[in-house]
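J.: Okay, here's the prediction I keep looking at, along with the sequence it came from:
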Amino acid sequence: MRKGVIDRVSGPLVVCSGIRGVAIGEIVEVGSEGLIGEVVRVIGDRFFVQVYESTSGLKPGEGVVATGRRLTAELGPGLLGSIFDGIQRPLPELLKLSGPFIGRGFKLNALPRDRKWCFKPLVRVGDRVGPGDIIGIVEETPMIVHKVMVPPHLRPGEITRIEEGEFTVEEGVATLVTRDGEVEIRLMHEWPVRVARPWADRLAPEEPLLTGQRVIDTFFPISKGGTACVPGGFGTGKTVLLHKISMWSNADVVVYVGCGERGNEMAELLKEFPQLIDPRKGRPVIERSVLIANTSNMPVMAREASVYMGITIAEYYRDMGYDVALQADSTSRWAEAIRELSSRLEEMPVEQGFPAYLPDKLAEVYERAGRVKCLGEPERVGSVTVIAAVSPPGGDYNEPVTIHTLRFVGAMWALDTELAYRRHFPAVNWLRSFSQYADILEEWMRRNVSRDAPRYRRRALALLSAASEIEAIASVVGESALPDDQRLILLVADMLKEGFLRQVALEGEEAFCPPIKQYTLLKMMLDFYDVAYQLVRARVPVDEIVSLPHIPDMIRVKEKPLGEIERVYGEAREALREIADRYGVEVSG
């Protein structure tokens, strides 16, 4: 063991000396309690450590021990359904040892060492395997089959022993002979969290991650393997939106990182997940989820590690061929931890005190998303989709974290304080949001929903944009002074806002709206507009249309099964035809 001493303590930063050859990224144990820390800078014979636990009570002269290891994630069966802190210590085990307030210096294994898993081999003695090859499977949960892979850092070799049976994660299930010698393959291996796991080839993001939220899936979709940010001020619903995506999206595995957010929000998630049933497989959602909780009352520097820990776990399941959704809530709190360490290191600050390398840190995370051809055999495709909340102070989108995040993401779902105050949820502003994946996913929409789906999407966005301009005029002259065709646009825009964009996704039909229902709702409203516009052009007063009793039914039909939409629209269409007959107007559609 290499030992040194503490020279100075500055919050979560501890300055040490007395150990030669210490490396940046090396894990050290600080003080008499052995607090876990990571070396972030080396200058001469002094090195600087960011400590992932509270440093209160530490004093100069106490000992420091260098471990020679890096911050790694334990990867193997037992991750799903687990709740970890920012450095992958299981919180239920910490609760048993230290009670509801986490004590210091506890070192726990992330994966249980006493539990046995039933391993079924897929290769035989004499087979040659290489990095990423699947050698067997374990039924981790009833929803996910865990594929045991040759770790990426090993060389190709020949299997000389492989056994079927029950094993702990530490026991060897196979022996691989490489040119470096014999290697035991276990159910578990470790991987440094700051190093991206390798893949064979990066693929185009051609399939959507369906969230069940109409404003997202139809207007601002995200691909599997894509990136999105959710900026919004206090109370706009960032956390709830991420919760609903975690619960209802069509990802195979969900990794949720609560990074610096309020503990009550994480507690709500922990309460809901075990009770929520996955609609596709009829099992609790927790069986396909990994939760990392590093809330605002936990050590600040562990926030910085928690995001890297989460994305490493996500990449691990991606390598098995699964589609993984990573939710980070929020990267603003993560960036604040980076800012605090930077200030303790006395680095030159730039915008709002953040370090100059903040964009590089953000890029490190978002660029690990993607849809890839996985390493090894059999051939498989997996993806990691990164969706992160951003909490700009005062809702100011011009602050550094939001501005730099927009450089690296393919979609932004901008949450609007005014919409939230009007109880319009999800409070996604349809004028400020964007998605670079919409054009890529048009072909998928044509094949799986309708050939007309992309056209209706573009028409709806154009109509909402036109309505925004008309509303600005109406606020000056009054709506009654507007021409009838503009009043009709306002009417249909209100129908879209209330009957399509607004979605109280708590239970029932509104919890998850499938793409075909989203398209049918949108088509109903825009077809109604087309027929009504013909009437207005033929000098039929718009008040005849506005007063139709079928309009509230068209708004509320979103809460009913798909089959009801055609019935409701059929009645509205007949009402329009009656108006046309009364005025002697020919209409089509």
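T.: Nice, I can see it. All values reported here derive from a predicted model rather than from experimental measurement.
J.: which residues does residue 276 contact?
T.: With contact taken as C-beta atoms under 8 Å, 6 or more residues apart in numbering, residue 276 is in contact with 247, 284-286. C-betas here are computed from N, CA, C, even on glycine.
J.: And for residue 364?
T.: The contact partners of residue 364, taken as C-beta under 8 Å, 6+ apart, are residue 194.
J.: correct me, but residue 333 touches residue 265?
T.: No. Counting by C-beta atoms under 8 Å, no contact exists between residue 333 and residue 265, whose distance comes to 11.9 Å.
J.: quick one, which of these two is more surrounded?
T.: Neighbours per residue (other C-beta atoms under 10 Å) separate residue 333 from residue 265, with residue 333 holding more: 25 against 18.
J.: All the strands of the stretch 201-350 of the chain, residue numbers only.
T.: Counting by DSSP state E, counting those that start in this stretch, one finds strands in the stretch 201-350 of the chain at the ranges 201-203, 227-231, 253-259, 289-294, 323-329.
J.: wait, residue 84 sits on residue 91?
T.: Yes. Here residue 84 lies in contact with residue 91, judged by C-beta under 8 Å, at a distance of 6.5 Å.
J.: who's more crowded, those two?
T.: Summary of the neighbour comparison: residue 84 and residue 91, criterion other C-beta under 10 Å, with residue 84 having more neighbours (27 against 18).
J.: Can you pull the phi/psi pair for that one?
T.: Torsion angles at residue 84 (phi, psi; degrees, to the nearest 10) stand at phi -120, psi 160.
J.: Work out the gap between the longest helix seen in the chain and the centre of the chain.
T.: Under DSSP state H, the helix in the chain containing the largest number of residues is helix 453-477. Remark: helix 453-477 is offset 30 Å from the chain centroid, using C-alpha atoms, centre = their mean, to the nearest Å.
J.: which other residues reach that helix?
T.: 218-219, 430-431, 438, 442, 445-446, 481-482, 486, 489-490, 492-493, 496-497, 500, 515, 519, 522-523, 525-526, 529.
J.: would you list every one of the helices in the stretch 301-450 of the chain?
T.: Remark: helices assigned in the stretch 301-450 of the chain by DSSP state H, counting those that start in this stretch are 301-319, 331-344, 358-366, 400-405, 417-421, 442-448.
J.: remind me which residues of this protein are low pLDDT?
T.: 1, 505 (pLDDT under 70).
J.: Could you spell out which stretches of it belong to which domain?
T.: Per automatic domain parsing, the domain ranges recorded for the chain read 2-70, 117-188, 217-437, 448-583.
J.: Tell me the bridge partners for the residue most central in space within the chain.
T.: Taking C-alpha atoms, centre = their mean, the centroid of the chain lies closest to residue 327, which sits 2.5 Å from it. Partner residues in beta bridges with residue 327: residue 256, residue 387, with DSSP bridges as the criterion.
J.: check contacts around residue 413.
T.: Residue 413 makes contact with 215-216, 220, 228-230, 241, 426, 428, 433 under the criterion C-beta under 8 Å, 6+ apart.
J.: ok, of the residues you listed, which one's closest to residue 137?
T.: Sorting the contacts of residue 413 by how near they are to residue 137, with C-beta to C-beta, puts residue 228 at the top with 32.0 Å.
J.: Just give me the neighbour total for the residue lying closest to that closest one once chain neighbours are set aside.
T.: Nearest residue to residue 228 in three dimensions, chain neighbours excluded: residue 411, at 3.9 Å (C-beta to C-beta, 6 or more residues apart in numbering). Neighbouring residues of residue 411 were enumerated by other C-beta under 10 Å; the total is 21.
J.: and the following helix or strand past the longest helix of the chain, what does it pack onto?
T.: Elements were assigned by DSSP states H and E; along the chain past helix 453-477, the next helix or strand is helix 484-496. The contact analysis (3 or more C-beta pairs under 8 Å, 6 or more residues apart in numbering; DSSP states H and E) places helix 484-496 against helix 453-477, helix 515-537, helix 542-546, helix 550-556.
J.: for those, which one ends up most surrounded?
T.: Here the criterion is mean neighbour count by mean count of other C-beta atoms under 10 Å, and of the helices and strands packed on helix 484-496 the winner is helix 515-537, at a mean of 20.
J.: what's that helix packed up against?
T.: Secondary elements touching helix 515-537 (3+ C-beta pairs under 8 Å, 6+ apart): helix 453-477, helix 484-496, helix 542-546, helix 550-556, helix 562-583.
J.: Let me have these in CSV, extended by distance to residue 175.
T.: Compiled in CSV, those are given as follows (distance: least, C-beta to C-beta, whole Å):
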stretch, distance to residue 175
helix 453-477, 53
helix 484-496, 63
helix 542-546, 77
helix 550-556, 65
helix 562-583, 55
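J.: Indicate which one of these is closest to residue 134.
T.: Taking C-beta to C-beta as the criterion, residue 134 comes closest to helix 453-477 out of the helices and strands packed on helix 515-537, the separation being 36.8 Å.
J.: angle of the closest one against helix 484-496?
T.: For helix 453-477 against helix 484-496, the angle by axes from the mean of the first three to the mean of the last three C-alpha atoms, to 10 degrees is 120 degrees.
J.: Next, the angle helix 515-537 makes with helix 453-477.
T.: The directions of helix 453-477 and helix 515-537 differ by 50 degrees, with the same axes, to 10 degrees as the criterion.
J.: Please tabulate the domains of the chain in JSON lines, including the columns distance to residue 100.
T.: JSON lines is the format used below for those (distance: least, C-beta to C-beta, whole Å):
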{"stretch": "domain 2-70", "distance to residue 100": "15"}
{"stretch": "domain 117-188", "distance to residue 100": "27"}
{"stretch": "domain 217-437", "distance to residue 100": "11"}
{"stretch": "domain 448-583", "distance to residue 100": "29"}
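J.: so the residue lying closest to residue 316 once chain neighbours are set aside bridges to which residues?
T.: In space, not counting the residues next to it along the chain, residue 316 is nearest to residue 75; the distance is 4.5 Å by C-beta to C-beta, 6+ apart. Here residue 75 sits in beta bridges with residue 189, as judged by DSSP bridges.
J.: list the contacts for the residue nearest to residue 228?
T.: With contacts defined as C-beta under 8 Å, 6+ apart, residue 411 is in contact with 220-222, 226-229, 433-437.
J.: for the residues you listed, which one is nearest residue 11?
T.: Nearest to residue 11 among the contacts of residue 411, counting by C-beta to C-beta, is residue 229 at 28.6 Å.
J.: contact partners of stretch 565-583?
T.: Here stretch 565-583 has contacts from 517, 520-521, 524, 527-528, 531-532, 534-535, 538-540, 544-545, 548, 550-551, 553-554, 557, 585-587, using C-beta under 8 Å, 6+ apart.
J.: typed the wrong thing, it's stretch 509-523
T.: Residues from elsewhere that reach stretch 509-523 (C-beta under 8 Å, 6+ apart): 210, 212-214, 217-218, 244, 248, 279, 445, 448-450, 452-453, 456-457, 460, 496, 499-500, 503-505, 557-562, 565-566.
J.: now do 6 Å
T.: Identification of contacts with stretch 509-523 by C-beta atoms under 6 Å, 6 or more residues apart in numbering yields 212, 214, 217-218, 248, 449-450, 453, 456, 460, 500, 503-505, 558-559, 562, 565.
J.: Measure how buried the residue nearest to residue 11 when sequence neighbours are not counted is and give me the count.
T.: Closest residue to residue 11 apart from its sequence neighbours, by C-beta to C-beta, 6+ apart: residue 344 at 5.8 Å. Residue 344 is flanked by 18 other residues according to other C-beta under 10 Å.
J.: Excluding sequence neighbours, find me the nearest residue to residue 450.
T.: What sits nearest to residue 450 in space, not counting adjacent residues and going by C-beta to C-beta, 6+ apart, is residue 519, at 5.4 Å.
J.: What's the separation between that neighbour and residue 247?
T.: Residue 519 sits 23 Å away from residue 247 when distances are taken as C-beta to C-beta, to the nearest Å.
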